[in-house]
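Need a 3D model of the sequence below.
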Amino acid sequence: MINQINSMKFLKIIFLIVLFFQNLLSFSQTENEMEAIAKYQLGEEAYSNNEYDKALAYLEQAKTIIGSKPKLLYLEIMVEMDKGFSSSDRVKHILKKIEAFEKSSGIDSYSQDKKMAVAKNKILLKEKLNDMMLEEQKLAAQKQELEDNIKKGKANFERFTIDDLPMGQTIEEFQKQYPNILPENYKMSKTKWESGTEADLIYACHSKSIGFENKENFLLPYNSSTGAPIYDTTIHLVLVKNGRVVGFQKTIFYYNSKGQGTLTFSEATAEVTKYVEKFKADFESYGNKSTDAIPYYDYQNQWSWAISDTKGVHLYSDNYVDEKNQKRWKSSLTLRVFKDYK
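Numbering: from 1, shown residues only. A predicted model of the protein is given here:
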């Protein structure tokens with residue numbers, strides 16, 4: 001009888017313990033659910049105030065408590081949609097949210113209207129993603145083309161010289177190889193283009209039979225005996241630095257009203273433009289700093305493609321019309337290339 005009583009007491013104690021823990025667990029679940037609901041409502045409030053990141057943070061916290069419920073995921077999708085999607089990565093991110101919504105527990109019994117709203121957004125997002133990816137492919141192709149053009153322009157600039165003449169030779173080596181360009185009895189003049197020690201100075205070397213109207217810049221060559229302009233397009237100037245040949249200069253064309261050439265003045269000046277555009281295309285440099293392969297400078301009648309302290313290609317134009325007699329005119333274009341050797 002005593003054993004029977006003890007057994008009943010023991011079972012009663014076990015029952016009370018189980019009941020206690022059930023109540024405790026129920027209380028804990030109720031508390032967690034209340035917290036999740038509070039987070040959800042805070043997310044709704046933040047969303048209504050256009051505080052999208054704050055809303056998403058609250059909803060994410062709610063998900064860690066009660067899991068991915070359709071109602072919670074639906075609001076999350078709406079917030080993400082209103083937050084915007086300016087990149088394909090954003091669209092893909094929202095589509096993943098929609099996929100989670102479609103697979104969430106309890107989706108079958110969730111509001112048909114809201115499921116339809118999400119389905120419509122899914123279609124629109126996929127269309128948007130397709131358009132974005134096509135645009136991104138187009139931009140990627142344009143970027144690659146620009147990179148290729150810059151690479152080509154730099155290579156053309158690096159290789160460029162005049163009449164395939166080499167640079168870097170000593171003046172003695174060059175004179176021996178090209179006596180027709182730099183005769184034995186040549187004239188060497190110090191330029192004002194550089195200053196410093198002797199090794200820094202640039203010298204202009206040319207035949208003594210050649211003079212220059214623009215003495216400071218060694219432009220507009222003429223025959224020093226007759227005073228007549230030099231019309232031919234051979235090299236008339238060799239640039240030397242520290243004993244090495246670093247550049248050349250030649251006349252590309254010279255036209256005037258006295259019968260030199262068959263072009264009119266307007267046709268001659270159009271030729272200048274044609275050459276400038278050709279050099280722009282060769283060096284892939286048109287005056288746009290963000291896309292030019294080589295820095296480009298345009299000043300009055302001079303056009304330059306130059307990398308500081310390295311190399312420069314320059315075009316100089318001289319276009320003149322006599323104000324008193326417009327039938328008297330001249331138009332010329334000179335090319336100079338210079339490559340520094342330290």
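
going forward, measure contacts between C-alpha atoms and count neighbours the same way
Noted.

Can you list the low-confidence ranges for this protein?
Counting by pLDDT under 70, the ranges of the chain that qualify are 1-29, 195-196, 199, 341-342.

which helices and strands sit right next to the strand or helix carrying residue 54?
For residue 54, the host element (DSSP states H and E) is helix 52-66. Packing contacts for helix 52-66, counted by 3 or more C-alpha pairs under 8 Å, 6 or more residues apart in numbering; DSSP states H and E, involve helix 2-48, helix 70-83.

Would you map the helices across the stretch 201-342 of the chain?
In the stretch 201-342 of the chain, the helices defined using DSSP state H, counting those that start in this stretch lie at 265-283.

what's the answer for the stretch 51-200 of the chain, then?
52-66, 70-83, 88-103, 112-159, 171-177.

Buried residues, the shortest one. List them.
If you call a residue buried by 16 or more other C-alpha atoms under 10 Å, then helix 171-177 has these buried ones: 171, 174-175.

which residues does residue 338 contact?
Neighbouring residues of residue 338 by C-alpha atoms under 8 Å, 6 or more residues apart in numbering: 239, 246-248, 311-313.

Just want the angle from the helix holding residue 54 to helix 70-83.
If you take axes from the mean of the first three to the mean of the last three C-alpha atoms, to 10 degrees, helix 52-66 sits at 160 degrees to helix 70-83.

care to break the protein down by domain?
As assigned by automatic domain parsing, the chain contains the domains 2-135, 171-339.

For residue 143, find the nearest of those.
domain 171-339 (10.1 Å; C-alpha to C-alpha).

From one end of that closest one to the other, what's the distance?
15 Å (C-alpha to C-alpha, to the nearest Å).

Distance from that domain to the middle of the chain?
32 Å (C-alpha atoms, centre = their mean, to the nearest Å).

again with stretch 98-110
44 Å.

Which residues does stretch 169-188 contact?
203-208, 234-236, 238, 240, 243-245.

So how do I select the buried members of those in ChimeraX?
Under the burial definition 16+ other C-alpha under 10 Å, those of those that qualify are selected in ChimeraX by:
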select :203,204,205,206,207,235,236,238,240,244,245
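
first vs last residue of stretch 216-230, how far apart are they?
End-to-end for stretch 216-230, by C-alpha to C-alpha: 18 Å.
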